[in-house]
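Q: Predicted model, plus sequence, below.
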Amino acid sequence: MLVCVSWDSCNNKSLIPMEGSSESNWRRSENRSRGLNLNLNSNSNSPYSDRNPRVLTARFSGNNDSTSHDSVPKGRERTLLRPTPHAGGGGNHHRTQVEGGDRPVECNDVSLRQWLDNPDRTVDALECLHIFSQIVDVVNLAHSQGIVVQNIRPSCFVMSSLNRVSFIESASCSDSSGSDSQEYGSNSHQSGNPLSELDCLNSRSGLPVRASEATVGNEKDKKHSFPMKQILLMESNWYRSPEEVSGGPTCCASDIYQLGVLLFELFCTFGSIEEKGTTMASLRHRVLPPQLLLKWPKEASFCLWLLHPDPSGRPKMSDLLQSEFLNEPRNEIDERDAAIELREKIDEQDLLLEFLLTLQQKKQEAADTLNEIVSFISSDIEEVTKRHTSVKKSGPRSINITTDEDDSENSVSRKRIRQGICIDGRDEPDRKSDSPGGALSKSSRLMKNFRKLESAYFLTRRRSVAKPRERSSVSNLATERSSVSNLSSREHRQQQQNNGGGWINTFLEGLCKYLSFSKMRVKADLKQGDFLNSSNLVCSLSFDRDGEFFATAGVNKKIKVFEYNSILHKDRDIHYPAVEMASRSKLSSICWNGYIKSQIASSNFEGVVQVWDVTRSQTFLEMKEHERRVWSVDFSVADPTMLASGSDDGSVKLWNINQGISVGTIKTKANVCSVQFPTDSGRTLAFGSADHRIYYYDLRNSKMPLCTLVGHSKTVSYVKFIDSMTLVSASTDNTIKLWDLSMCTSRVLDSPLQSFTGHLNVKNFVGLSVSEGYIATGSETNEVFVYHKAFPMPALSFKFNSTDPFSGDEMDDSAQFISSVCWRGQTSTLVAANSMGNIKLLEMA
């Protein structure tokens, strides 16, 4: 007869008889058991598992000196424990904490609670006794140190794949208040450990997991017949001893009672949570299922002994260790322990072997790659040496180039070529060797940027050995490809003559230009005298075709034209513009006509495009077809009557200044921030957009772009052509990108040749200008940066300092930014302006 107890957390149902899975007490089940796998040739699980430093185990190294408890037989596993005060319950007991050990929990470990509640689990007597004996050892060790464990519950233990049991010490597992009304995740953990028991158990390794990971675990547990949340809420009640239920203090006998409950769970399997709840409720009254009594009579009898309601009637730990129940299968358990230990040692050796083999493989791959690189560089050195010799022999006999063979202290391995030459037998001293642009300065800058130059070298080499592009597919893209610049043709012919060594010329040209200048110096300061005007932000700068004049425009609604040479006179207190023209609105962009010297085009914030006659200081043409602010205008160099403008209304308009109206419109879905014609054609156009893209159009078919350049992550603020097929774009994503339009074979190009970084640009228009491969841009750090197209790092930079309007002294003002830059034709001079209206003529030196 079974006694059914009504319990809040359990359903009041009659007990369903259970079926055992073993026909003898000590016979091992061969079906679905997590017993020891003796296949010693199998690979270990993940060798790089996560470790939990709070869950550790150890082995006894000798006999226990405690007189009140028997020592655990040698070879048994234990957990090192140390006492800590426990807030709950009555009495002066302690919580257990892990002190140290030799095996942390691994990612393939499983909670003992999950293992017990697996509906497919079958009872293997020897396996269960092996698990139970390990837990007994843990409890015995704690009792030998005067510690009451209190947490002998399956949720506080994890098992390895080899049935090695480890004790988990966590705040949630130590909570033995036993309240059956606690909510999941509420006050079940202490401060500093925001993890619930469910978090511990939802990790299949027994490791604490984050709430998001626990959610994933919950999804997995839905397939499990036992909801883990409900089991955990009931577990603390199942494992409460009678004296705890009555409100008395806990003692070592309370741990013995919990061992009895655990032993019962080890030898019982359940088909549903209702059956488990009913049976566990009956267990408090020492009512055991009939099947357990029939199939496991010895285990049932031992379990009832441990579950005695009177603490004094339960066995002591010494009685437990000396009992026939635990010592009779000792040989089999020791054999299992030995097999497990052997398996672990083999796994450890396998892990070390796998690590060493992987290390050897990776290092060998690295060595092979390094050998290939060294061979590659050696071939390049041989090629450059041949050219070096050929160049020296091709010079006139009257010029002797001497080399310093004794420069042993130089950090660079190659021999330095001195610039001193002997003409007609007379020596001329090397006056530039110690100058800022001399060999020593170049060597220093070369070594400072060696890593970036190395990356640029390999990038150039990689392109040179890549499969040649199919020109036929490219010709379908653009109809203008026949008008390739003479420079490109010369480079192509030179590369063919060098039998694939054309990369040398490309890299050497970039290296020389990168190292040609060492600094930027102020050539002149533009002193305008309008310090009282707070709106001096210069939005745009532009030189005329001959570099004799440059114009400024900005939010002060004025176009000012200055004579370049007059600015160079430093004895002037104020520089007056040669021409000044007033606009009705703030100006965003200006562009000088490359053919008609007296014409300047401008755009303003009201969407008006104007063409000015500088000689008459008045408007020549005004066009009002844009609906919103116009950001950019550009004259075509190849067709000086053609003008393009880009606006916030999402359109690009093409204007013929002879007709005074637009002759074409390209509509886009986003604001247009910059427009640019290539230097050699008026029939193609590129523009940058707020949708992070650059569009390249053939104006004879404006329905769709020839190519869309994708790569920026924010608004494209500027586009400039270096040559007919090479484009530079600037964006507020802090980068400038270099594009080769000839690589666009599928109307979309997402691989720039180069990305230039070093300046800061996240929200303002800071200017962009190109000249002879040099790329100048502003920065929101109030600096001007100059790059060369061959290398991704800045070649030069110059910091603007604000000028005090009253004292004239320069002040460092990081709140300002460079607003516009413009090269003076194909020279090393540029004009730059910042947000305060300070304008400087700078020169690379």
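A: Looks like it came in fine. Residues are numbered from 1 along each chain as shown.
Q: From here on, just use CA atoms for contacts and neighbour counts.
A: Noted.
Q: In the stretch 451-600 of the chain, where is pLDDT below threshold?
A: Applying pLDDT under 70 to the stretch 451-600 of the chain flags residues 465-502, 529-534, 570.
Q: so where do the strands sit in it?
A: 520-526, 538-543, 549-554, 558-563, 579-582, 587-592, 599-604 (DSSP state E, counting those that start in this stretch).
Q: could you redo these as a markdown table and give each row mean neighbour count?
A: Supplementary listing: those in a markdown table, determined by neighbours: other C-alpha atoms under 10 Å:
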| stretch | mean neighbour count |
| --- | --- |
| strand 520-526 | 18 |
| strand 538-543 | 27 |
| strand 549-554 | 24 |
| strand 558-563 | 21 |
| strand 579-582 | 16 |
| strand 587-592 | 26 |
| strand 599-604 | 26 |
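Q: which one of these lies closest to Glu383?
A: Comparing the strands of the stretch 451-600 of the chain against Glu383 with C-alpha to C-alpha, the closest turns out to be strand 520-526 (34.8 Å).
Q: partner strands of the closest one, parallel or antiparallel?
A: Here strand 520-526 is paired, per DSSP bridges, with strand 839-844 (antiparallel).
Q: what's in contact with the strand it pairs with?
A: Residues outside strand 839-844 that contact it (C-alpha atoms under 8 Å, 6 or more residues apart in numbering): 517-527, 828-833.
Q: what does stretch 553-566 give?
A: Counting by C-alpha under 8 Å, 6+ apart, 535-541, 547-552, 575-590 sit against stretch 553-566.
Q: What's the end-to-end length of it?
A: Chord length of stretch 553-566, first to last residue, is 19 Å (C-alpha to C-alpha, to the nearest Å).
Q: Kindly provide the whole-number mean pLDDT of the biggest helix by length in the chain.
A: Ranked by number of residues, the top helix in the chain under DSSP state H is helix 330-394. Taken as a whole, helix 330-394 carries a mean pLDDT of 88.
Q: Stretch 230-241 too?
A: For stretch 230-241, the per-residue pLDDT averages 85.
Q: Low-confidence bits of the protein, can you list those?
A: 1-108, 169-227, 395-442, 465-502, 529-534, 570, 802-814.
Q: how about 50 then?
A: Residues of the chain meeting the criterion pLDDT under 50: 1-102, 170-225, 404-437, 467-500.
Q: what lines up beside the one helix or strand Val652 maps to in the sheet?
A: Taking DSSP states H and E as the definition, one finds Val652 inside strand 651-656. Using DSSP bridges, the strands paired with strand 651-656 in its sheet are strand 642-647 (antiparallel), strand 661-667 (antiparallel).
Q: Out of these, which gets nearest to Val123?
A: strand 661-667 (75.7 Å).
Q: Which SSE is immediately downstream of the closest one?
A: strand 672-676.
Q: and the helix or strand just after that next one, what does it pack onto?
A: The element immediately downstream of strand 672-676 (helix or strand, assigned by DSSP H and E) is strand 684-689. Here strand 684-689 touches strand 672-676, strand 693-698, strand 716-723, going by 3 or more C-alpha pairs under 8 Å, 6 or more residues apart in numbering; DSSP states H and E.
Q: between those strands, which one is nearest to Leu356?
A: strand 693-698 (48.2 Å).
Q: Leaving out chain neighbours, which residue sits closest to Val652?
A: Setting aside the residues directly before and after it, Val652 is nearest to Gly646 in space (C-alpha to C-alpha, 6 or more residues apart in numbering), at 4.6 Å.
Q: For the one you found, grab the count of nearby residues.
A: 32 (other C-alpha atoms under 10 Å).
Q: Tell me how far it lies from Met159.
A: Taken as C-alpha to C-alpha, the span from Gly646 to Met159 is 69 Å.
Q: now do Glu509
A: In terms of C-alpha to C-alpha, Glu509 sits 67 Å off from Met159.
Q: Of those two, give the one with the bigger neighbour count.
A: Met159 (23 against 13).
Q: got a list of what the residue nearest to His759 when sequence neighbours are not counted touches?
A: Excluding the flanking residues, the one nearest His759 by C-alpha to C-alpha, 6+ apart is Ser779, at 5.3 Å. Under the criterion of C-alpha under 8 Å, 6+ apart, the neighbours of Ser779 are His759, Leu760, Asn761, Val766, Phe785, Phe817, Ile818.
Q: Nearest to Lys624 among those residues?
A: The closest of these, once distances to Lys624 are taken by C-alpha to C-alpha, is Val766, at 26.7 Å.
Q: Just say helix, strand or coil for the closest one.
A: Of the three states, Val766 takes coil according to DSSP: H, G, I helix; E, B strand; the rest coil.
Q: That one: how many residues sit nearby?
A: For Val766, using other C-alpha under 10 Å, the count is 31.
Q: isn't it right up against Glu780?
A: Yes: Val766 lies in contact with Glu780 (C-alpha atoms under 8 Å); the separation is 7.3 Å.
Q: Between the two, which contacts overlap?
A: With C-alpha under 8 Å, 6+ apart as the test, Val766 and Glu780 both reach Phe817, Ile818.
Q: Can you point out the buried residues in stretch 688-699?
A: Within stretch 688-699, the residues that count as buried by 16 or more other C-alpha atoms under 10 Å are Gly688, Ser689, Ala690, Asp691, His692, Arg693, Ile694, Tyr695, Tyr696, Tyr697, Asp698, Leu699.
Q: I meant stretch 762-773, not that one.
A: Val762, Asn764, Phe765, Val766, Gly767, Leu768, Ser769, Val770, Ser771, Gly773.
Q: From Phe756, how far out is the second one?
A: Pointing back at Asn764 there. Counting by C-alpha to C-alpha - Asn764 and Phe756 are separated by 17 Å.
Q: One more: the last one?
A: When C-alpha to C-alpha is applied, the distance between Gly773 and Phe756 equals 13 Å.
Q: The third one now?
A: Distance of Phe765 to Phe756, computed by C-alpha to C-alpha: 17 Å.
Q: same thing with the fourth one?
A: Taking C-alpha to C-alpha as the criterion, Val766 is separated from Phe756 by 15 Å.
Q: again with the fifth one
A: Here Gly767 is placed at a distance of 15 Å from Phe756 (C-alpha to C-alpha).
Q: for Val522, same thing?
A: Applying C-alpha to C-alpha to Val522 and Phe756 gives a distance of 24 Å.
Q: cool, Tyr595 as well?
A: 32 Å.
Q: coming back round to it: turn the helices and strands packed on strand 684-689 into CSV, including distance to Val614.
A: Shown next, in CSV, are these (distance: least, C-alpha to C-alpha, whole Å):
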stretch, distance to Val614
strand 672-676, 22
strand 693-698, 31
strand 716-723, 25
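Q: Show me the one of these that comes nearest Trp655.
A: Using C-alpha to C-alpha, the helices and strands packed on strand 684-689 put strand 672-676 closest to Trp655, at 12.8 Å.
Q: and the direction of the closest one versus that of strand 693-698, what angle?
A: For strand 672-676 and strand 693-698, the angle between their directions (axes from the mean of the first three to the mean of the last three C-alpha atoms, to 10 degrees) works out to 40 degrees.
Q: Am I right that Ser713 falls within a strand?
A: No: counting by three-state DSSP, Ser713 falls outside a strand, being coil.
Q: got a list of what it touches?
A: His692, Asp733.
Q: Please point out which parts of stretch 271-281 sit buried.
A: Quick answer for stretch 271-281 (16+ other C-alpha under 10 Å): Gly271, Ile273, Glu274, Glu275, Lys276, Gly277, Thr278, Thr279, Met280, Ala281.
Q: Please apply the same query to stretch 736-756.
A: 736-745, 747-749, 751-756.
Q: Also stretch 335-347?
A: Arg336, Asp337, Ala339, Ile340, Arg343, Glu344, Ile346, Asp347.
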